[in-house]
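> Provide a 3D model corresponding to the input given below.
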Amino acid sequence: MNYLELYILAAFFVTTYGNFLDVSVWEDNPEECGRTRFENTTLDVADYSKARVGQFPWVAMIGSIHPDNQILFFCGGSLISKSYVISEAQCGRLGQLVRLGSIKAEDTEEEKDCDECGECALPPQDIKVRKQIFGNDCSLNSVQRIIILELEKPAEYNDFVRPICIPTDAFCHTSRIRQRALTPGFGHIFSTLVGVTERKEKFDDMRYVNSAIVTQEECNAIYPDLLKDGEFCVDYPKGVNHSCVGDTGGPLVEYLKVKGVARAFLIGVAKINPLICEAEDTAPIVYSSVCNYSEWISNQIVSSIEAERKQGRRLFAV
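Have a look, this model is predicted:
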């Protein structure tokens with residue numbers, strides 16, 4: 001990234017979010033990123049647990065709009081700013097709408113979004129996708145497995161809708177093997193080859209589980225010759241009897257204390273094989289490493305902003 005691009009990106013983030021924190025793992029992340037109404041921590045979850053409202057405010061549901069205006073949600077994603085969502089490449093091809101701020105797996109427009117403790121969220125935000133930003137090669141065999149979805153209008157931040165932090169070089173240069181992370185999601189499983197996969201046991205509410213990153217050797221032993229550069233595997237504890245707690249395109253979340261506050265960082269985007277989800281035994285899930293795409297994400301957002309400016313369109317919040 002050249003100095004002009006860095007200046008433009010920094011100017012937009014500073015204008016929108018204020019000054020950055022002066023720490024090497026922080027860099028260009030917005031002030032609101034990775035914070036929730038709870039004390040962020042990777043809990044020792046023995047089995048998949050129901051999420052509280054506002055516990056994972058960056059989790060997005062990606063769906064398509066049918067002719068009768070019904071919405072089919074089939075993938076997950078992560079809000080990284082007011083106008084951009086990160087997901088798995090194949091999810092974005094059919095993604096027409098993003099839902100933010102909900103812990104319910106289905107359309108709950110007529111009922112409150114409440115958790116088991118009786119706490120209720122504000123109504124979810126449904127925002128149409130304005131543009132899909134792929135890598136240089138958007139074929140099914142592409143190494144580029146991450147897509148950026150640009151929203152038609154900015155999301156409104158509140159206790160239930162906030163962005164997740166993007167890892168920086170300082171963060172990524174630390175080994176993540178055996179690190180604990182959380183996998184939140186609804187169990188939305190999708191493949192362009194198979195389509196939407198109906199789970200044997202469907203989640204009505206968002207669930208999450210404590211996960212661990214395994215070594216490349218362990219992953220290659222299960223998926224010989226299938227793991228690409230920038231991909232890694234995550235395994236669940238023995239008490240979990242589902243391979244696919246999260247969503248295709250959904251986040252793998254790791255917490256890091258920055259300036260005394262525990263913040264969530266997006267370290268992986270799920271690349272879930274529907275056949276594994278249908279298997280009786282659990283198996284590690286493949287994720288695309290966000291560390292491999294951090295610079296690409298920044299470059300694409302800068303390019304998108306510049307394109308809007310050249311076309312004379314009104315710029316919206318990053």
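> quick one: low-confidence parts of the chain?
The model of the chain has pLDDT under 70 over residues 1-28, 40-48, 107-111, 136-144, 170, 173-178, 190-202, 237-244, 273-282, 312-318.
> So which elements touch the top helix by length along it?
Among the segments of the chain that qualify as a helix by DSSP state H, the longest is helix 294-310. Judged by 3 or more C-beta pairs under 8 Å, 6 or more residues apart in numbering; DSSP states H and E, helix 294-310 is in contact with helix 3-17, strand 125-133, strand 146-151. Yep, even glycine has a C-beta here, placed from its N, CA and C like the rest.
> List the buried residues in the second one.
So the one you mean is strand 125-133. Gln125, Asp126, Ile127, Val129, Gln132, Ile133 (16 or more other C-beta atoms under 10 Å).
> Closest one to Arg263 out of those, please.
Gln125 (21.8 Å; C-beta to C-beta).
> so that closest one bridges to which residues?
Following DSSP bridges, Gln125 is listed with bridge partners Leu100.
> How much space separates it from Glu116?
The gap separating Gln125 from Glu116 is 23 Å, by C-beta to C-beta, to the nearest Å.
> and Phe265, how many residues sit next to it?
Residues contacting Phe265 under the criterion other C-beta atoms under 10 Å number 25.
> which one is it nearest to, not counting chain neighbours?
Cys165 (4.6 Å; C-beta to C-beta, 6 or more residues apart in numbering).
> isn't the one you found right next to Cys33, touching?
Yes. Under the criterion of C-beta atoms under 8 Å, Cys165 makes contact with Cys33 at 4.1 Å.
> Mutual contacts of these two, please.
Arg263, Ala264 (C-beta atoms under 8 Å, 6 or more residues apart in numbering).
> Between these two, which is the more surrounded one?
Using other C-beta under 10 Å, the more surrounded residue of Cys165 and Cys33 is Cys165, with 28 against 23.
> List the residues that contact Pro184.
Contacts of Pro184 were listed using C-beta under 8 Å, 6+ apart, and they are Ala51, Gln55, Phe56, Val59, Met206, Arg207, Tyr208, Gly246, Gly250, Pro251, Val253.
> Please repeat the previous calculation with a cut-off of 10 Å.
When contacts are counted by C-beta atoms under 10 Å, 6 or more residues apart in numbering, Pro184 touches 48-49, 51, 55-56, 58-59, 76, 78, 103, 206-209, 245-247, 250-253, 264.
> Can you list the residue ranges for helices in the chain?
Secondary structure of the chain (DSSP H): helices at 3-17, 89-94, 169-172, 216-222, 274-278, 294-310.
> Thanks again, I'm all set now.
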